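Participant: Got a predicted model here, sequence first, then my questions.
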Amino acid sequence: MTTAKSPTGSPVVGREVRPSDTIQTHGQRMTVAMAIQLGFLFQDIGGSFAPTATGQAGAAPVEAQRGVLELASGGTAEETLESGFRASDLTETAFAAIVHNVQTDTQLAALDSILWNDGQLDRRVLERTASQAGVEPEDMADIVGTAQGGMEQAMMNHLASFGVYDQDTFTAFLHSSPQTHQKMVESARDLVLHNSTKGFETLAEEFTLAADMIDPASVEWALEDAGIPFMRQRGGGVILDLTSRGMGQMAFRQAVQQFILKLSRNGL
């Protein structure tokens with residue numbers, strides 16, 4: 001418990017660790033009470049706290065890189081279709097703490113609150129969720145935040161093979177119109193309730209096909225870096241000159257559809 005700090009942020013010295021103190025585990029700081037709720041700590045007969053096997057195996061998340069374009073290699077379509085979705089153990093544990101202790105209607109209310117309030121959970125819904133789980137609202141907020149953040153990162157990792165190369169740009173796209181936002185809400189519900197990624201995969205396809213309109217600066221920079229000639233169109237978007245590859249001129253959208261181009265987080 002060498003990472004234990006008091007609620008004010010001071011190292012815990014000269015006293016026992018309390019449930020309201022915080023510790024560093026799985027790449028983030030959380031209260032001792034939350035760590036117990038998630039199964040990372042246990043309290044022994046003497047009242048001391050110690051890490052479980054799961055708690056000892058915590059690892060910090062890896063920060064995603066800014067994406068660029070690359071030419072698709074053989075098998076790209078098959079690799080995309082075969083890519084799987086899996087959240088981290090920490091995220092799954094946080095979700096289990098909610099699912100097993102909170103009534104279904106309250107879970108749905110919390111999900112809708114987050115989706116329609118820019119990722120923020122309504123205080124009244126939070127208090128109801130915490131009450132049903134038997135924890136303090138602050139601890140439940142930590143659990144919900146862990147589940148939410150972990151699921152977002154897992155989805156971004158999953159969608160990378162579908163051409164979603166940057167989280168901020170994709171998030172802006174999801175909020176770019178009421179119609180797209182509604183699709184995002186429905187996709188999130190399908191993911192949480194049915195473990196279905198189909199809705200987000202469809203949104204990823206829409207994003208990649210229109211990337212030259214959504215993120216023109218990055219697309220043009222990537223094409224220049226790849227040595228692919230292109231022409232800007234008056235209404236936005238680009239036309240690629242693939243004459244040297246025996247394909248003539250082609251719209252960016254068409255090149256992505258045919259896997260001639262692939263959007264990726266990796267360099268060429």
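Facilitator: Right, received. Where do you want to start? What you see is a predicted model, and the numbers here were worked out from it, not measured in a lab.
Participant: starting at the chain centroid, how far to the helix or strand harbouring Q254?
Facilitator: Under the criterion DSSP states H and E, the helix or strand holding Q254 is helix 252-257. The chain centre lies 26 Å from the centre of helix 252-257; the measure is Cα atoms, centre = their mean, to the nearest Å.
Participant: So M30 is in contact with I23, correct?
Facilitator: Yes. Using Cβ atoms under 8 Å, M30 is in contact with I23, at 6.9 Å. Glycine gets a C-beta too; all of them are placed from N, C-alpha and C.
Participant: what's the helix or strand following the helix holding Q254 packed up against?
Facilitator: Helices and strands here follow DSSP H and E; after helix 252-257, the next one along the chain is strand 261-264. Strand 261-264 sits against strand 68-71, helix 252-257, with contacts defined as 3 or more Cβ pairs under 8 Å, 6 or more residues apart in numbering; DSSP states H and E.
Participant: Pick out the shakiest of those, pLDDT-wise.
Facilitator: Ranked by mean pLDDT, the helices and strands packed on strand 261-264 end with strand 68-71 in last place, scoring a mean of 51.
Participant: L203: neighbouring residues, count only.
Facilitator: The criterion is other Cβ atoms under 10 Å. On that basis, L203 has 21 neighbouring residues.
Participant: er, M231 I mean
Facilitator: 10.
Participant: Report whether it is found in a strand, as I expect.
Facilitator: Yes. Residue state for M231 (DSSP: H, G, I helix; E, B strand; the rest coil) corresponds to a strand.
Participant: How about the helix holding Q254, which residues are buried there?
Facilitator: Judged by neighbour count (16 or more other Cβ atoms under 10 Å), helix 252-257 contains these buried residues: F252, R253, A255, V256.
Participant: What is that helix packed up against?
Facilitator: Using 3+ Cβ pairs under 8 Å, 6+ apart as the contact test, the elements touching helix 252-257 are helix 198-209, helix 211-214, strand 238-241, strand 261-264.
Participant: A154 versus F162, what's the distance?
Facilitator: To A154, F162 is 14 Å away according to Cβ to Cβ, to the nearest Å.
Participant: Neighbour count: the two, which is higher?
Facilitator: More neighbours sit around F162 than around the other of F162 and A154, counting by other Cβ under 10 Å; the figures are 21 against 18.
Participant: how near is that one to Q258?
Facilitator: Computed as Cβ to Cβ, the F162 to Q258 distance reads 15 Å.
Participant: same question, I114
Facilitator: Plainly put, I114 is 37 Å away from Q258 if you go by Cβ to Cβ.
Participant: how deep is R123 tucked in, by neighbour count?
Facilitator: For R123, the tally of surrounding residues (other Cβ under 10 Å) stands at 11.
Participant: quick one: pLDDT of it?
Facilitator: 93.
Participant: Show the contacting residues for it.
Facilitator: For R123, the contacting residues are P137, by Cβ atoms under 8 Å, 6 or more residues apart in numbering.
Participant: Ok, V125 next?
Facilitator: By Cβ under 8 Å, 6+ apart, the residues touching V125 are T106, A109, A110, S113.
Participant: Please save the CA atoms from the strand or helix carrying it in CSV.
Facilitator: Assessed by DSSP H and E, V125 sits inside helix 123-133. What follows is the C-alpha trace of helix 123-133 in CSV, where atoms were taken according to Å, rounded to 0.1, in the frame of the first residue of the first chain:
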residue,chain,number,x,y,z
ARG,A,123,-26.3,13.5,-10.1
ARG,A,124,-29.8,12.0,-9.2
VAL,A,125,-29.2,9.0,-11.4
LEU,A,126,-25.7,8.6,-9.8
GLU,A,127,-27.1,8.7,-6.3
ARG,A,128,-29.8,6.1,-7.2
THR,A,129,-27.1,3.8,-8.8
ALA,A,130,-24.9,4.1,-5.7
SER,A,131,-27.7,3.5,-3.3
GLN,A,132,-28.7,0.2,-5.1
ALA,A,133,-25.0,-0.9,-5.2
